[in-house]
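# generate a structure from the sequence data that follows.
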Amino acid sequence: MHASAIRQTAVIGAGTMGRGIVISLANAGFEVLWLDNNPQMLEQGLRNLEDVWQQQISKGRLTCSEAAERLANVHPVGDYAALADADVVIEAVYENLALKQEIFRTLDATLRPEALLASNTSALDIDAIAAVTQRPAQVLGLHFFSPAHIMKLLEIVRGAHTSAATLETARALGERLGKVCVVAGNCDGFIGNRMLHTYVHEARMLLLEGALPAQVDGVLQQFGFAMGPFRMYDVVGIDLEWRARELAGSGQDAPAVQVDNRLCELGRFGQKSGQGYYRYAQGSREAQHDPAVDALVVAVSERLGMTRRAISEEEIRERCLLALVNEGAKILAEGIAANSHDIDLVYLNGYGFPAAKGGPMNWADDQGPAHIAARLRALQAQHGAHWQPAPLIERLAAYGKRFSDVQGGQV
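Numbers count the residues shown, from 1 in each chain. So this is what the prediction gives:
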C-alpha cells in the first residue's frame, strides 16, 4: 500500500502525543478516526485541536476555512469496531507493553488484513508488540517526537518481520506529514533515546561528582545545543521517567537518578509545575536559577558518599559528547542505523544538536576517530569500563577511516 492509497487513518490515545499526531494527519489532509477509552479525554483533545488551529489563525498562518477543513478531517469514535476500514492505525497510549499488546490484539482482529498497525512507542520492543498479531509484516514503530505536530523527526522502527513495503508506505506517509524520516532497527530506545540515555547518565553523574545543573546546561548550550539536559527534562517533565521506573519496579535505586527522585518527591516535575531543576514564573517558560536545587544536589551527592570536586567545562563537554558518540558507534556496528548520516539526522531534528556541527557522528569525524579513541581510553582509565571505546571506533582509528565510511555495519 502506497501513501497515496491511504484514505483513512486512525489514532488511539488522546493524550499529548495522540493530539499532536492527530493534528499532523489532519493538517496533511488525512481523514482521522480518533479513539480513547475515556470520552472526556477525547473532548479535551478536540478542544485542544481547535485552540492550536485558532492560534495559527490569529498569527495569520491559517485561514478560518482551512482550520474548519482540518477539524472536519477528525472524527471521534466510541469503539474499535468503528476503525474497521482504516488503512493505518497509530497507537499512542502510555509506555506499557502489556497495554499495547492488548490494543494490538484487538486491532488485528478488527482491521482488514492489509492495514498497517503502528506504535508510537519511544523505547518498547516492536517485535514483542508484533508477536501478538497475525500480521507481523505490517507492524512497525512510528516514533513521533513531542510536540508531534511541530517536531520534524519521525523514527520509523522496523521489527524483525516488518516488510519492505510497509517501511516504504511509512516513509511516504511521514514525508506527506512533512517529517524527516529515519529508519531505525529494533532495540531499547532505537537510535535517539538509546544514545540519549548515555548522554543524560553522564550529565547526572557530573552533578553527583561536583557540577551543578545550570553549569552543565550552560556548557552544552554554549556548545550549541538548543538546551542542556536539565532544561530539557524540565520541558518534557522530570516525572515521566520517575513514574516509568515506579511502574517497572526497577531502576529507582540507581545513584544517577537520586536527584530526579528527590525533585519528583517534592512535586518539582518541571515547567508544568512551575518548578523542576529551575524555577518558572507564572505562565513563563524562562528557566530561573534556583539555589534550593543546588543545595539539594549537594545534599544528595553527600548522602551517597561522593566527594565533590571542581569540574571543568571541558570535562562536561567531553563526557556528554563522547558518551553520545560511543553509543552511536555501537548502533552503527549493529546495523540499528543504516549509516552515520541517519544518526546525525535524528540528533539534528529530534534532540537540538547544533546544526553547525552537523550531528554527533559528523562532529566525531571532524575530531578524527583516532582522537576519539584516545579520549575514550583516557576516560576509561579514570572512570571505568563503561568508557571502553566501541570496537568500531578502534577499527576506524586503525584503518584511518571515518564514521561516514560505515554502511550497514561494515567499514
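
# quick one: buried residues of the helix-or-strand element of the chain with minimal mean pLDDT?
Ranked by mean pLDDT, DSSP states H and E, the helix or strand of the chain with the weakest confidence is helix 239-248, at a mean of 88. Using 16 or more other C-beta atoms under 10 Å as the burial criterion, the residues of helix 239-248 that qualify are 239-242, 245. Every residue, glycine included, has its C-beta placed from N, CA and C.

# tell me which other helices or strands it touches.
With contacts defined as 3 or more C-beta pairs under 8 Å, 6 or more residues apart in numbering; DSSP states H and E, helix 239-248 has these neighbours: helix 258-265.

# the helix it packs on: how far from the chain's middle?
Distance of helix 258-265 from its chain centroid, counting by C-alpha atoms, centre = their mean, to the nearest Å, is 21 Å.

# what's the angle from the next helix or strand after it to helix 258-265?
For helix 258-265, the following helix or strand on the C-terminal side (DSSP states H and E) is helix 291-303. Interaxial angle, helix 291-303 versus helix 258-265 (axes from the mean of the first three to the mean of the last three C-alpha atoms, to 10 degrees): 130 degrees.

# who touches helix 291-303?
For helix 291-303, the surrounding residues in contact (C-beta atoms under 8 Å, 6 or more residues apart in numbering) are 207-210, 212-213, 258-259, 262-263, 268, 277-278, 308.

# please convert those to a markdown table, extending it with distance to H143 and pLDDT.
Converted to a markdown table, these look like this (distance: C-beta to C-beta, whole Å; pLDDT from 0 to 100):
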| residue | distance to H143 | pLDDT |
| --- | --- | --- |
| L207 | 28 | 98 |
| L208 | 30 | 98 |
| E209 | 32 | 98 |
| G210 | 35 | 98 |
| L212 | 32 | 98 |
| P213 | 27 | 98 |
| Q258 | 29 | 98 |
| V259 | 27 | 98 |
| R262 | 30 | 98 |
| L263 | 26 | 98 |
| R268 | 28 | 98 |
| Y277 | 25 | 98 |
| Y278 | 27 | 98 |
| R308 | 37 | 98 |
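
# just the buried residues from those, in ChimeraX please.
The buried residues among these can be selected in ChimeraX (16+ other C-beta under 10 Å) with this line:
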select :207,208,209,210,212,213,258,259,262,263,268,277,278
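
# need the contacts of helix 291-303 in CSV with distance to S24, can you?
Below are the contacts of helix 291-303 laid out as CSV (distance: C-beta to C-beta, whole Å):
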residue, distance to S24
L207, 36
L208, 39
E209, 41
G210, 43
L212, 38
P213, 33
Q258, 37
V259, 35
R262, 37
L263, 32
R268, 31
Y277, 30
Y278, 30
R308, 45
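
# for the contacts of helix 291-303, which one is nearest E286?
Nearest to E286 among these is Y278, at 8.7 Å by C-beta to C-beta.

# wait, the closest one sits on P213?
Yes: with contact defined as C-beta atoms under 8 Å, Y278 reaches P213; the gap is 7.5 Å.

# quickly list what's touching both of the two.
Common contact partners of Y278 and P213 (C-beta under 8 Å, 6+ apart): 230, 293.

# which stretches of the stretch 51-200 of the chain form helices?
Residue ranges of the helices in the stretch 51-200 of the chain, as given by DSSP state H, counting those that start in this stretch, are 64-72, 97-110, 126-130, 164-176, 192-209.

# okay, now the domains of the chain?
Residue ranges of the domains in the chain are recorded as 3-184, 211-303, 313-405, according to automatic domain parsing.

# F190: which of these is closest?
Distance to F190, taken as C-beta to C-beta, is lowest for domain 3-184 among these, at 4.2 Å.

# what's the model's confidence in the closest one, averaged?
Mean pLDDT, computed over domain 3-184, is 96.

# give me the neighbour count for A109.
Close neighbours of A109, defined as other C-beta atoms under 10 Å, add up to 10.

# next one: it from E302, what distance?
With distances defined as C-beta to C-beta, to the nearest Å, the gap from A109 to E302 amounts to 56 Å.

# repeat for A137
On the measure of C-beta to C-beta, A137 and E302 end up 55 Å apart.

# same check, this time on C264
Computed with C-beta to C-beta, the distance linking C264 and E302 is 20 Å.
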